[in-house]
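Trainee: For reference, the sequence and a predicted model appear below.
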Amino acid sequence: MKSIILYDSMSGNTAEVAKAIHRSLTEKFMTPSLVKVEEGLTVDLFDFDLIFIGSPVISWLPTQTLMTFVKKMMKDYNGQGLIKPSSPVIPGKFGISFGTFSGPHIGVKEALPMTLWLNSFIEHLGYTVLDQWHVVGKRNNPPKNWPEINKNGRLGDIEDRPNKADLLSIENRVKGVVDSLSSWNNIKEHI
């Protein structure tokens, strides 16, 4: 199963999660592509069976860099006739969105619009969305009027997040997904 991890990261939190996904896929004997989205990136997502796509939450959405990439991909694929009405599912193609957030105001609810936005992109491609993962990350360079944001928000003290436990949780989720998909492929081969 060919996989790719596409991500953007501003302060390093999302990069840590992307690397944890990469480590876990590698441990499952896969050779994933780990790609930080940058201006001018070209990649054919249809070459991959499993897509992970993630970003830090910026005003409830992905970073501008990732949104620009997604919009360009949608325009290009639509121009090629690859975005179909009703987005029919392509068997054997799967995706997971992930994001890091500090949730100073309303917690994980601040991250939901971002992963739902990314899930919509995945589904427009015809991939089955398996999950969306939200990982707490310290807020780097908070506004001066929020001096204790990493300690007094709804999530409590998030100064050391994502931490080893957060990243281990991601690695275990990835292993579970790969094991489930391996079982699915084995069943499919016998039908």
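Mentor: Nice, thanks for sending it over.

Trainee: Verify the contact between Phe69 and Val37 for me.
Mentor: Yes: assessed by C-beta atoms under 8 Å, Phe69 is found in contact with Val37 at 4.8 Å. No exception for glycine: its C-beta is placed from N, CA and C like everyone else's.

Trainee: Sheet partners, orientation included, of the helix or strand hosting Leu6?
Mentor: Leu6 is located in strand 3-7, with elements delineated by DSSP states H and E. With DSSP bridges as the test, strand 3-7 is paired with strand 33-36 (parallel), strand 50-56 (parallel).

Trainee: highest average neighbour count across the ones you listed?
Mentor: strand 50-56 (a mean of 27; mean count of other C-beta atoms under 10 Å).

Trainee: Now that strand: average pLDDT?
Mentor: Across strand 50-56, the average pLDDT comes to 97.

Trainee: Now do the helix or strand just after it against strand 50-56, angle only.
Mentor: Proceeding N to C from strand 50-56, the next assigned helix or strand is helix 64-79, under DSSP H and E. If you take axes from the mean of the first three to the mean of the last three C-alpha atoms, to 10 degrees, helix 64-79 sits at 140 degrees to strand 50-56.

Trainee: After helix 64-79, heading C-terminal, what element do we hit next?
Mentor: Taking DSSP H and E, what comes next after helix 64-79 is strand 94-101.

Trainee: Check which helices and strands that next one is in contact with.
Mentor: helix 13-27, strand 50-56, helix 112-125, strand 128-136, helix 164-189 (3 or more C-beta pairs under 8 Å, 6 or more residues apart in numbering; DSSP states H and E).

Trainee: just those: most buried one?
Mentor: Buried most deeply of these, by mean count of other C-beta under 10 Å, is strand 50-56, with a mean of 27.

Trainee: then that one to CSV, C-alphas only?
Mentor: Output in CSV follows, covering the C-alpha atoms of strand 50-56 (Å, rounded to 0.1, in the frame of the first residue of the first chain):
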residue,chain,number,x,y,z
LEU,A,50,-3.4,6.0,1.8
ILE,A,51,-3.2,9.8,2.3
PHE,A,52,-2.5,11.6,5.5
ILE,A,53,-2.9,15.3,5.3
GLY,A,54,-2.5,17.7,8.2
SER,A,55,-2.0,21.3,9.4
PRO,A,56,-1.9,23.5,12.4
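
Trainee: what comes into contact with that strand?
Mentor: 1-11, 13-14, 17-18, 21, 45, 62-63, 66, 93-101, 114, 118, 121-122, 125, 127, 133, 137, 177, 181 (C-beta atoms under 8 Å, 6 or more residues apart in numbering).
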